[in-house]
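S.K.: Whatever this is, show me its structure:
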Amino acid sequence: MAGILVAVFWAILVSFLAVVLVRLAQTLRATTKLVADVTEQAVPLLADASATVRSAQTQLDKVDAIASDVQEVTSNASALSTTVASTFGGPLVKVAAFGYGVRRALGRRTAAEPAREGVAARRTVVAGRTVPSARTKRSGRSSRGQKD
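M.R.: Residues are numbered from 1 along each chain as shown. Next up is the predicted model:
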């Protein structure tokens, strides 16, 4: 009886191992097929990626050339700006200062003319109070401390 039990046990064990080996063989076949499919799809993808990288490198070379041209144009514009500022800047400032002086002198002259003709200064009345008009300089004397 013990021999039959051992034989049955070994038969079950061998059957179990056979099923495991069959399943393992199926898994290995499926894995092999999957690796072959991935390889078939990966090779064209790698070729496309390589072409894309080459195209990107070409574009980067073009952008680098453009950037160097822009840098050269910027330096030329800076040099031109400096040249224009040094050539026209000084004389333009002098002309502007002269024009300002002329306007100011004419403004003082027109403000002083009514006072010379004896026209009384205008005063504004606000709610019963007299507000003095704007003070003007008189022949070099300071108007501080003096009332109109």
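
S.K.: residue ranges of the strands in this structure, please?
M.R.: Using DSSP state E, the strands of the chain run over 124-126, 129-131.

S.K.: All the helices of the protein, in order from the start?
M.R.: Secondary structure of the chain (DSSP state H): helices located at 2-116.

S.K.: show me where pLDDT drops low in it?
M.R.: Across the chain, the ranges flagged by pLDDT under 70 are 111-148.

S.K.: Can you get me a residue count around Ala79?
M.R.: 10 (other Cβ atoms under 10 Å). Glycine gets a C-beta too; all of them are placed from N, C-alpha and C.

S.K.: I meant Ala25, not that one.
M.R.: By other Cβ under 10 Å, the residues close to Ala25 number 10.

S.K.: if I look at it, how far off is Val38?
M.R.: 20 Å (Cβ to Cβ, to the nearest Å).

S.K.: Then Ala96?
M.R.: Taken as Cβ to Cβ, the span from Ala96 to Val38 is 77 Å.

S.K.: Check Arg108 too.
M.R.: In terms of Cβ to Cβ, Arg108 sits 94 Å off from Val38.
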